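Asks: Mind looking at a prediction? Sequence and model below.
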Amino acid sequence: MRPERQDGTGGGGLLVPMAWMYAEYIADGMLRTGDLMEPSTLEYRAGRDSLALTVFLSGGAVPDALPAARLDELRLLTAYGAQWCGWVRERLDALGDPASGTAGAEPDLALARAAWRWLEETELLAADLDAIGAPPWEAVDEGPDAEEAAQVWTPAWQLGLPLGHLAIHLH
């Protein structure tokens, strides 16, 4: 589907989601620099999308390198999962409000919403950190199902957010 300009200017030009693409570029660069995960994995995508959403919704990326104050802001925003999740919802709702003055951001906002939908609706198999405890005193042969029992399906953002947070620290 080809987005077209509908603002009456007659230009008929293509609207390019540059703000979203730049946020993804920044997130991808941070994750690659940290070398935390293979770029072909779903976990990497979750980290990139979580970090890109944070950059995009917190006012967008700044030209050139991210200043230290901006990195500190991103660290704080990605530090706590439940708060981040609510913050993303609030910001997306606010940007979608016609009174917000974001009339030219439709392509960017559409991509941000698609990323958020994927992060919320996609579940990834991860280690169940609540099930991990101290090792038993005696070694017990738990069989091949023991590893599977220590895993749980979790929304992609719950894996991607800590990955993005760690990438910010390593940047």
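Replies: Thanks, I have it.

Asks: For the residue most central in space within the chain, give me its contacts.
Replies: Centroid check for the chain by C-alpha atoms, centre = their mean gives residue 50 as the closest residue, at 0.7 Å. Counting by C-beta atoms under 8 Å, 6 or more residues apart in numbering, residue 50 touches 27, 78, 119, 157, 160, 161, 163, 164. All C-beta atoms are positioned from the backbone trio N, CA, C, and that covers glycine.

Asks: can you check residue 167 too?
Replies: 27, 30, 31, 33, 34, 36, 47, 51.

Asks: Among those residues, which one sits closest to residue 152?
Replies: Nearest to residue 152 among the contacts of residue 167 is residue 47, at 18.5 Å by C-beta to C-beta.

Asks: Distance of that closest one relative to residue 116?
Replies: 14 Å (C-beta to C-beta, to the nearest Å).

Asks: again with residue 22
Replies: Remark: distance between residue 22 and residue 116 (C-beta to C-beta) = 18 Å.

Asks: Might you list the low-confidence residue ranges for this protein?
Replies: 1-14, 60-65, 97-105, 128-149 (pLDDT under 70).

Asks: Which stretches in it count as strands?
Replies: Per DSSP state E, the chain carries strands over the ranges 123-127, 151-155.

Asks: Kindly reformat those strands as TSV containing mean neighbour count and distance to residue 171.
Replies: What follows is the strands of the chain, written out as TSV (neighbours: other C-beta atoms under 10 Å; distance: least, C-beta to C-beta, whole Å):
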stretch	mean neighbour count	distance to residue 171
strand 123-127	14	24
strand 151-155	15	25
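
Asks: can you count the residues close to residue 41?
Replies: Look at residue 41: counted by other C-beta atoms under 10 Å, it has 11 neighbours.

Asks: circling back to that earlier point, can you tell me the closest non-neighbouring residue to the residue nearest to the centre of the chain?
Replies: residue 160 (3.7 Å; C-beta to C-beta, 6 or more residues apart in numbering).

Asks: and that neighbour, how many neighbours?
Replies: Look at residue 160: counted by other C-beta under 10 Å, it has 31 neighbours.

Asks: which stretches of this structure form helices?
Replies: In the chain, the segments counted as helices under DSSP state H are 18-34, 42-57, 68-78, 81-96, 106-121, 145-149, 156-170.
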